[in-house]
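Colleague: I'll drop the sequence and a predicted model, then ask my questions.
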Amino acid sequence: MAAIILQRHTLPARKQLFADFMLALVTLVWGSTFVLVKDMVEQVPPMMFLAARFAIGGVALAIITLVARRWRGLSMRELGWGIVIGVALWAGYSLQTLGLQKTTASNAGFITGLSVVLVPVLGLFILKHRPGIWTWSGVISATTGLALLSLRFEGGIRANSGDLLVLGCAVAFSIHILLISSAAQWCDPLRITTVQVLVAGLLNALTSLLFEGRIQGMSAEAWTAAAFLGLAATAAAFLIQVTVQRFTTASHTALIFTLEPVFAAIFGYWLDGDQLALTGWLGATLILAGMLVAELVPYVRRRRQAGARESAV
């Protein structure tokens, strides 16, 4: 659906703006699930819950791919890339889950968000893409906002043993974004999304067996939550990401994903009564400002340049 809508836009700037809007909607969905995930992992071992979530999402995508007769065109190249992307996705979630057991939620939130810095830096070496000045300005603003939103300065910031694991999570998520940015230019979005989600589900199940021991039963409530997360926040969300990321840059994607803690804070306040301190609101504002600077300023400049060229003709 996203690809069909994008075809109606003729200007690259509009395509990128629409793609970034769709990624922001994906981030909104992820941010809205924080309260639900928090409640579920108190009832179910986290790796096991992740395995159920990705298994449901992967099976749903596999059925859609089968009905749409898209498996026939699966190439070894797509299969290989899908597996690698799935490994990066699994590594991000697993390292974050393991790290959270040995560090604070505030440290984990900030370190995970550092992918906004890692993506443009790693992108220089992997994709040979040099972000512009407005993208870097947005990255600096968003990183400062993440620190104010995530870290608890009043209690003193301390390094914990789990911080290194969460940093590995940030690297994994950064690589995941960069791999999708590269593969999205040539792959079939449905096939490669299906492969990556199935691979992540399988690896999460193996990780659960390794670190959490014997598989336990889940309640109907937990299965319902896993089904919602598997279909909306996994299958649909990653399919949209792979479909639209070809029309934007990896740096823009990482910058947009910094909205996740902002949406999480908003839904936490709305659904769970969580309170956000003044520094948190300031941090959320800086994240939004960073995204708007990186998005709108270049867009307005390109539109003005296009208008000037048309006037000259």
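Modeller: Thanks, I have it. Residues are numbered from 1 along each chain as shown.

Colleague: Quick check, residue 233 in contact with residue 36.
Modeller: No: using C-beta atoms under 8 Å as the test, residue 233 is too far from residue 36 to be in contact (9.0 Å). In short, each C-beta sits where N, CA and C put it, glycine included.

Colleague: Which one's more surrounded, the two?
Modeller: Summary of the neighbour comparison: residue 233 and residue 36, criterion other C-beta atoms under 10 Å, with residue 233 having more neighbours (20 against 16).

Colleague: three-state assignment of that one?
Modeller: At residue 233, secondary structure determined by DSSP: H, G, I helix; E, B strand; the rest coil is helix.

Colleague: pLDDT score assigned to it?
Modeller: The pLDDT attached to residue 233 in the predicted structure is 94.

Colleague: And it, how far from residue 77?
Modeller: 28 Å (C-beta to C-beta, to the nearest Å).

Colleague: where in the stretch 151-300 of the chain is pLDDT low?
Modeller: Within the stretch 151-300 of the chain, the stretches falling below the threshold (pLDDT under 70) are 151-159, 215, 271-276, 295-300.

Colleague: For the residue nearest to residue 162 when sequence neighbours are not counted, give its distance to residue 279.
Modeller: Once flanking residues are discounted, residue 162 sits nearest to residue 102: 3.0 Å by C-beta to C-beta, 6 or more residues apart in numbering. When C-beta to C-beta is applied, the distance between residue 102 and residue 279 equals 25 Å.

Colleague: And for residue 84?
Modeller: 39 Å.

Colleague: Okay, now the unreliable bits of the stretch 1-150 of the chain?
Modeller: For the stretch 1-150 of the chain, applying pLDDT under 70 flags the ranges 1-12, 105-106.

Colleague: which residues in it form helices?
Modeller: 2-6, 12-32, 34-40, 46-67, 76-100, 105-113, 115-126, 133-150 (DSSP state H, counting those that start in this stretch).

Colleague: These into a markdown table, with extra columns for distance to residue 204?
Modeller: Formatted as a markdown table, the entries for the helices of the stretch 1-150 of the chain read as follows, by distance: least, C-beta to C-beta, whole Å:
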| stretch | distance to residue 204 |
| --- | --- |
| helix 2-6 | 26 |
| helix 12-32 | 17 |
| helix 34-40 | 14 |
| helix 46-67 | 4 |
| helix 76-100 | 6 |
| helix 105-113 | 17 |
| helix 115-126 | 20 |
| helix 133-150 | 25 |
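
Colleague: Select, out of these, the one closest to residue 263.
Modeller: Between residue 263 and the helices of the stretch 1-150 of the chain, the shortest separation by C-beta to C-beta is 2.5 Å, and it involves helix 12-32.

Colleague: name the helices or strands packed onto the closest one?
Modeller: For helix 12-32, the helices and strands in contact under the criterion 3 or more C-beta pairs under 8 Å, 6 or more residues apart in numbering; DSSP states H and E are helix 2-6, helix 237-244, helix 250-257, helix 259-272, helix 278-312.
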